[in-house]
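**Student:** Kindly return the folded structure for what I paste below:
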Amino acid sequence: METTPARTPHRLDPAGGCPHAVGARLLSEGAVAPVELPGGIEGMAVLGHEALREFLQHPEVAKDPRHFTALREGRLAPDWPLLTFATVPGMTTADGDDHRRLRSLVSQAFTPRRIAGLRPRVEESTGTLLDGLARAAAAGGGVADLRRHFALPLPMGVICELLGVDVRFRARLHDLGGKVVATGTPPAEAVAAHRELLAVLEEIAAVRAAHPGDDLTSALIAARDEGGGRLDPRELIGTLLLVIIAGHETTLNLITNAVRALCAHPAQLALVRAGGASWADVVEETLRWDAPVSYFPFRYPVRDLTVAGTLLPAGTPVLAGYAAAGRDPAAHGPDAGRFDVTRPARPGAVRHLSLGHGVHYCLGAPLARLEATVALEGLFTRFPALCQAVPDGDLTPHAGFVGNSVRSLPVRLGTPAPRVADGPHAGGGPRP
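**Tutor:** Reported below is the predicted structural model:
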């Protein structure tokens with residue numbers, strides 16, 4: 001099969017930035033692009049929707065870092081900024097039976113019944129945090145950082161309750177986790193943050209081991225202590241790291257990005273409030289149009305593969321370009337760059353890939369959708385005049401090229417609507 005001519009690798013900026021302009025340019029040149037990772041490491045990014053869907057479920061693509069040629073050959077520095085993504089023990093670096101074993105241990109916390117049972121708690125937390133957001137705005141001259149006071153503590157609180165993590169650990173977990181996954185963190189600081197994060201997770205595990213409860217951490221510790229190869233100590237800590245970071249960072253970005261999108265498209269917000277679309281539609285269109293993750297590391301072809309006419313050499317670290325795939329005109333039409341909550345799904349097609357695809361599909365996707373839907377409805381019901389306090393161009397992009405959002409989102413709340421119920425309305429349309 002013929003391959004496309006060689007392209008000059010795009011150097012991914014470790015400091016991050018908005019991914020959409022670069023993604024559109026790279027995608028216009030082909031569905032798969034060569035990239036230069038930090039440290040001069042050669043990699044590839046799969047950017048086209050159909051190419052990414054094919055790649056994510058390809059049977060000869062692995063997650064196990066033993067397939068990573070540069071790592072195997074010792075060409076990665078100990079402080080390489082993406083080393084945690086490549087080597088953390090857990091579901092994101094496991095294949096086959098190991099992946100199924102680890103996933104089965106965590107999946108008990110994310111069954112449809114368990115997620116549905118969390119709705120009252122998510123609604124209660126949303127109401128409490130909206131009260132806090134109002135207080136923050138009152139203290140800030142009418143302006144509050146929605147990301148700090150609302151979009152962050154909601155998913156962090158929920159995932160930590162599922163894990164049985166005490167409140168006193170939560171701020172440190174977010175701060176340290178952010179430094180570890182931000183590709184622009186200075187190397188020495190990233191290494192120190194990684195060590196401290198592992199120490200905090202060890203402390204959390206020790207607390208739950210001494211005082212087990214009805215939570216996921218206690219269940220994982222029981223699996224570790226049962227023996228029989230169900231879970232080793234490194235996998236326990238790696239799984240906690242994965243669930244905590246993935247369990248709040250993605251939803252934090254999703255909520256933040258959805259609020260930005262609605263503030264920038266008031267007609268779309270009015271349509272939802274009038275019942276012409278649901279809050280769930282807002283969540284799905286945000287996942288497509290402004291994915292919470294720009295480029296997710298890593299997968300490795302176990303042999304030379306050709307995807308969308310481009311050769312992916314065996315052992316190459318490949319990034320999943322979710323942000324670019326979400327705006328791929330080949331999949332979403334010539335208006336793929338337009339935010340439209342009424343966008344119809346193509347028959348038989350996947351609307352977006354922003355939560356993954358195939359066996360590594362995000363285990364927490366139903367929880368993220370629940371949290372974001374409840375959060376958005378509660379927010380715009382309580383504060384129907386909410387708007388951004390600064391122009392979008394003045395917002396600082398997320399640190400690093402993995403996550404996609406902004407570092408803060410100052411908003412003006414306006415006059416709150418009368419409280420007609422204890423929590424957010426659970427349906428998709430306006431309140432009765």
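**Student:** Name the SS class of the residue lying closest to residue 237 once chain neighbours are set aside, please.
**Tutor:** The spatial neighbour of residue 237 that comes closest, neighbours along the chain excluded (C-beta to C-beta, 6 or more residues apart in numbering), is residue 201 at 5.0 Å. To be clear about C-beta, it is placed using only N, CA and C from the backbone, and glycine gets the same treatment. Remark: residue 201 carries the secondary structure label helix [criterion: DSSP: H, G, I helix; E, B strand; the rest coil].
**Student:** Then residue 343?
**Tutor:** coil.
**Student:** cool, and residue 306?
**Tutor:** strand.
**Student:** what sits opposite it in the beta ladder?
**Tutor:** Beta bridges link residue 306 to residue 311, judged by DSSP bridges.
**Student:** wait, isn't it in contact with residue 312?
**Tutor:** Yes - with contact defined as C-beta atoms under 8 Å, residue 306 reaches residue 312; the gap is 7.2 Å.
**Student:** ok, the two, which is more surrounded?
**Tutor:** residue 312 (25 against 14; other C-beta atoms under 10 Å).
**Student:** related to what we said a few turns ago, neighbours of the residue nearest to residue 237, just the number please.
**Tutor:** 22.
**Student:** separation between it and residue 408?
**Tutor:** 27 Å (C-beta to C-beta, to the nearest Å).
**Student:** got it, and residue 136?
**Tutor:** Residue 136 is 12 Å from residue 408, by C-beta to C-beta.
**Student:** need the strands for the stretch 51-200 of the chain, in chain order.
**Tutor:** 61-62, 143-145 (DSSP state E, counting those that start in this stretch).
**Student:** Tell me which of those is the most buried.
**Tutor:** strand 61-62 (a mean of 22; mean count of other C-beta atoms under 10 Å).
**Student:** what residues does that one touch?
**Tutor:** Contacts to strand 61-62, defined as C-beta atoms under 8 Å, 6 or more residues apart in numbering, come from residues 55, 95, 299, 300, 301, 302, 305, 318.
**Student:** Could you pull up phi and psi at residue 387?
**Tutor:** Phi and psi for residue 387, reported as degrees, to the nearest 10, are phi -150, psi 160.
**Student:** so what's it up against?
**Tutor:** Here residue 387 is in contact with 263, 411, 412, 414 (C-beta under 8 Å, 6+ apart).
**Student:** The second one and residue 389 touch, don't they?
**Tutor:** Yes - between residue 411 and residue 389 there is a contact under C-beta under 8 Å: 5.6 Å.
**Student:** Can you show me the strands along the stretch 251-400 of the chain?
**Tutor:** With DSSP E, counting those that start in this stretch as the criterion, the stretch 251-400 of the chain has strands spanning 295-301, 305-307, 310-312, 318-321, 387-388.
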